[in-house]
Each structure stands twice: as structure tokens, then as C-alpha cells.
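Q: Provide a 3D model corresponding to the input given below.
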Amino acid sequence: MSVPGEVCAGQLAHDGGAGHRRWLQRDLLHRLPQTWSEREYVCKTLDKAFACAWEDGDHVLVGTKCNQLLRLDTLTGRSRAIPLPPAPPRARETFDHEWGHCGIHSIALSPARRLVATGGDNPADAVVLDRATWRPVATLVGHLDWVFGLAWLSDAHLVTASRDASVGLWTLPEEAVLGDGAGQDEADAAADGEEEARAGGVRPEARVGGVRPGAGAGGAGPGAGAGGAGPGAGAGGAGPGAGAGGAGPGAGAGGAGPGAGTEAATPATPAASGLVLTKDYGRHGDFRKSFGGKVRGVEYDAATRTLATLSLEGAVRLHDPGDNLRLIRRIDLKPRNAGEELVCLALTPSFAAAGRQTDVVLMDTRTRRGAMTIIPSPDATVGVRSVSVQDDLVSFGTGAGKLCFFDVRAGKLLDRAARREAAVGQYHTPALLAPLPFALETGPGWLDQNQTYWDHFANTRVQHACYAHAWDPAAQRVFACGGPLAFGMRGCYMGLWR
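A: Residues are numbered from 1 along each chain as shown. Sure, this is the predicted structure:
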């Protein structure tokens, strides 16, 4: 195999071949999607999987529109529903929506991967669960509308993004972060039970955290989630924006926590929902409310200590989490069509990727001008619904169920090399020499043939939108999930590409 031009013999000798290995890893990453086959998971009775995150190399967490948090074993295909704590009382009522509950839109694991943040029983709340026992650690109350995004800054600091056009910065008390250590024995026992179940083909019946696996509504469907860990996760829990004294995020001269002097959360109160942390939407300093529209996404990059938010005002904002979410830069994205919305966001140390109706926009976050690259979507009429970045490969899911891949270094979508070679060999026509874009497509999943289906979609194939997808920790597989795009349709899709 020839060595790429930028990796010369001198470089290989200098770094012991590390440069060559990196090039081989990138080359393998770009070839993997075309070798994958799909494994679908049963998800009957569930409605639209909106969020997913890999818990470890075998398990995925999935959040659905019907407000189910599921844990899927990708090896056995079995899943269990993780019960959410009941919504605690709140001082201010949330906004009413005629279409009802929105479900879970985000799942995020803390840098140490001990805590899981997700949507709450009330969609305007967020809950933090102990991953060892799945017991509630805290419920975060204060937003007035659905929580769309979650991002951990450290093991004790969490940012929430909401449809109420605000973001909140929350600090968990030390006892919630450290835990009592008792849950680890239960987690180990549960893991042993799962291994025995895999060997014998029997679903484990051991109780975890006092809840029998599979308990709760929707337990029949696979409860997986993928790729919730945003860029920069696992940074060792170091607090972003630490000052000279090495204090936590946002530490100033006094070494206080994030946004010292502005954290307005009331003292934690024991409750059935774990600790209840509250903020007042009407009080200055509790939330940052300078957005011109609902905030659809939030991502944190630990390498650059930068927080990015995506809002329907048509802009990506970069914030300093160490200075009470001070605005660093705003990158405006001019819509190509009237009413075009920004839907999804991914962040790396060098660029951000935002999905909208017709394309994905890559923005250089290192410069003030923020040079942009436009990636056209093959399904421009139904929008981009999810986006993720693995190394220099951008993957995005569409409303028509396609999962596409863009090579940042080459500046193009991956093409169907095998199909192209076959076409050239058969016809030798210049028009067929152009590369054919490569995309994976979601499988049939489950579809509820309700009245909406019979009125508008009878005897037609309904393709499930790819609402969320995530790379596994080894960057060798992708979990994708979604459901029907049309309003009023019920259904679900969950699949692993490997």
C-alpha cells in the first residue's frame, strides 16, 4: 500500500509510525459504512425515538416521544424501560401545547459516565439518574417549555437548552456527584446477571435499584440509545474555564463554581424525584434568555472549553461556560428558504456542524469570520434531522430515512464506489462516471396503521426519519433511531449498522 504524500518517511521514523497508523484508521473509518449491514430491533408500541446515546460498548439508551427511557442490549436485542421520577411541584406553570407531550429529546452522560441526564416526566424538566442503580439523583425545575438539549460541562455542571428561548446552567451538590458507592455492587450484580442471561438465552430477572428489568410501559420495545456523549466527553471531569487556582468551571478570582455569584438555584430538597433543584424563569440571572427563538440544541467541547447553542433565530452561538455563559461569538446562517429552521448541532475543537432543511453547514469556530462549507442533503424537502462527527467524517440523518457521510478532508460525500465501477464496466458511458452518493436507509421498523395512516398514507411505503444516530465508543458501528415524519403518525425504528 502506498503511503499518502503528506506522510513522508522522515515523519514515520520520527513518530514511530503513528502518522501512518492515523492515516490507516481514517481510511478504514471512511470505508466502514459501505461494508455495514443492518440489524433492526423490535420496537412495537413505541412512538418515535428522538434521542440516543451509547452507555457502553454493548448498551444504548433511547428516548422516545411517548416519554420512555429505554436501555437496549445490542447483543441480545432485549430492552428494559427505566422509570423516570414523578414531576415535582413547580411555582410557574409550563406552556400548554395542543399536541401534548413531546417526549425525550436529549440524553447525555457525564464525563465520568456515572450520571445520565435526560428529559423528565414533565417535558420542561430535566432529570439526572445514577447509572449504577438508575435511581434519580436530581430533577431540574425551572424551564417553562420543553427541554430540547443537554450538555455536561463537568461531572457537577450541566447546561439545559429549552424551547422557552433560554439556557440554564445547573450545579449539582457534591453528595449527588460522588454518590455513596453502594450502587456499584448492584451494578456489578446486574452485569453478572446479564452475562448469565446471554449464555443461557434467558432474560435476567435480577432487580436493579429496586426496579425489575423491563418494568414500565413500553418495555416491549428495544430501549437503546446511541452516541449521547458529545464532543469532548471524557475529559476527566476537569471544570471548564478554571482560573489560575484550578477551580471548577467559571471560577473567578475567588475560585467559586461556574458563574460565581450568579448561580441562583435554591437549596436542594429531598423528594421522590431525588434532589429538586429549582430556578425562577422570571428572575434575572437564573437563565440566559437573550435568544431570538427556541433553543434546539447545545453541545460542549472540553478541548476548547467552548459551549455552542443552536436557536431558531438562525444562529449558532459560542459561549464561555467559565464566565456565566458569556457570548464569545455569534455565527448567523442565512436561510435559503422562508421558514427554514436549524434543527441539530454537533461540535468539535475546530468546527461546528448544524443541520437545517436543505443542507448541513460546517462552520470554522476558530476564526471570527467562521468560514462555512455547505453539504447539500439528498432529501432537501424533508430536512436534516440529526448530525454527528467522528474524526473527519460528518454523518447526518434525513427526514426520508437516509444516513449520509461527508469526508471533511476530501470535501465531498462518500460515494458508492462498487456501484460506480460496475456501471463503468458495463456501459462505458461518460455520464455514468460521476460518483453516486452513498447512503444507508432505515428499515421498515414498526408503524401504527391508525386513522392518519388510512386517510393519507394507505398502501404507500412510509419511510422512518432518522431522528438520532450515534457512533459507538470504538467508532466501528452506528446506532440509528427514529420514526415516521408526518404529524399524527405513530411508529418507531431502531437499528444498528455494523
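
Q: would you tell me what the next helix or strand after the helix or strand bottoming out on mean pLDDT in the chain is?
A: The helix or strand of the chain with the lowest confidence, counting by mean pLDDT, DSSP states H and E, is helix 9-14 at a mean of 40. With elements assigned by DSSP states H and E, the helix or strand that comes after helix 9-14 is helix 18-31.

Q: give me the contact list for the helix or strand that that following helix is followed by.
A: Of the helices and strands lying after helix 18-31 in sequence (DSSP H and E), the nearest is strand 38-40. With contacts defined as Cβ atoms under 8 Å, 6 or more residues apart in numbering, strand 38-40 is touched by 74, 440, 443-445, 493-498. Yep, even glycine has a C-beta here, placed from its N, CA and C like the rest.

Q: drop anything exposed from the residues you listed.
A: 74, 440, 443, 445, 493-497 (16 or more other Cβ atoms under 10 Å).

Q: can I get these in CSV with secondary structure?
A: Shown next, in CSV, are the buried ones among the contacts of strand 38-40 (DSSP: H, G, I helix; E, B strand; the rest coil):
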residue, secondary structure
Thr74, coil
Leu440, strand
Gly443, coil
Gly445, coil
Tyr493, strand
Met494, strand
Gly495, strand
Leu496, strand
Trp497, strand
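
Q: and stretch 286-304, what's buried?
A: 286-288, 291, 294-302, 304.

Q: chain center to that stretch, what's the gap?
A: With Cα atoms, centre = their mean, to the nearest Å as the basis, stretch 286-304 stands 15 Å off its chain's centre.

Q: can you get me the start-to-end distance on it?
A: Taking Cα to Cα, to the nearest Å, the first and last residues of stretch 286-304 lie 25 Å apart.

Q: ditto for stretch 388-395
A: 5 Å.

Q: show me where the protein has helices.
A: For the chain, the helices defined by DSSP state H cover 9-14, 18-31, 174-178, 183-200, 417-427, 451-452.

Q: which of the ones you listed has the lowest average pLDDT?
A: Of all the helices of the chain, mean pLDDT reaches its minimum on helix 9-14 (a mean of 40).

Q: quick one: residues contacting Ser401.
A: Quick fix: residue 401 reads Gly, not Ser. Contacts of Gly401 by Cβ under 8 Å, 6+ apart are 441-442, 463-466, 482, 493.

Q: recalculate using a threshold of 7 Å.
A: 441-442, 463-466 (Cβ atoms under 7 Å, 6 or more residues apart in numbering).

Q: quick check: Pro378 touching Phe405?
A: No. With contact defined as Cβ atoms under 7 Å, Pro378 does not reach Phe405; the gap is 11.6 Å.

Q: so which of the two has more stuff around it?
A: Phe405 (22 against 11; other Cβ atoms under 10 Å).

Q: find the nearest non-adjacent residue to the more buried one, please.
A: Nearest in space to Phe405, with sequence neighbours left out and distances taken as Cβ to Cβ, 6 or more residues apart in numbering, is Leu414 at 4.4 Å.

Q: what do you get for Leu84?
A: Nearest to Leu84 is Asp121, by Cβ to Cβ, 6+ apart, at 5.0 Å.

Q: again with Val141
A: Thr278 (4.7 Å).

Q: rewinding a little: which one of the contacts of Gly401 has the most neighbours?
A: Most surrounded of these: other Cβ under 10 Å gives Cys466, at 31 neighbours.
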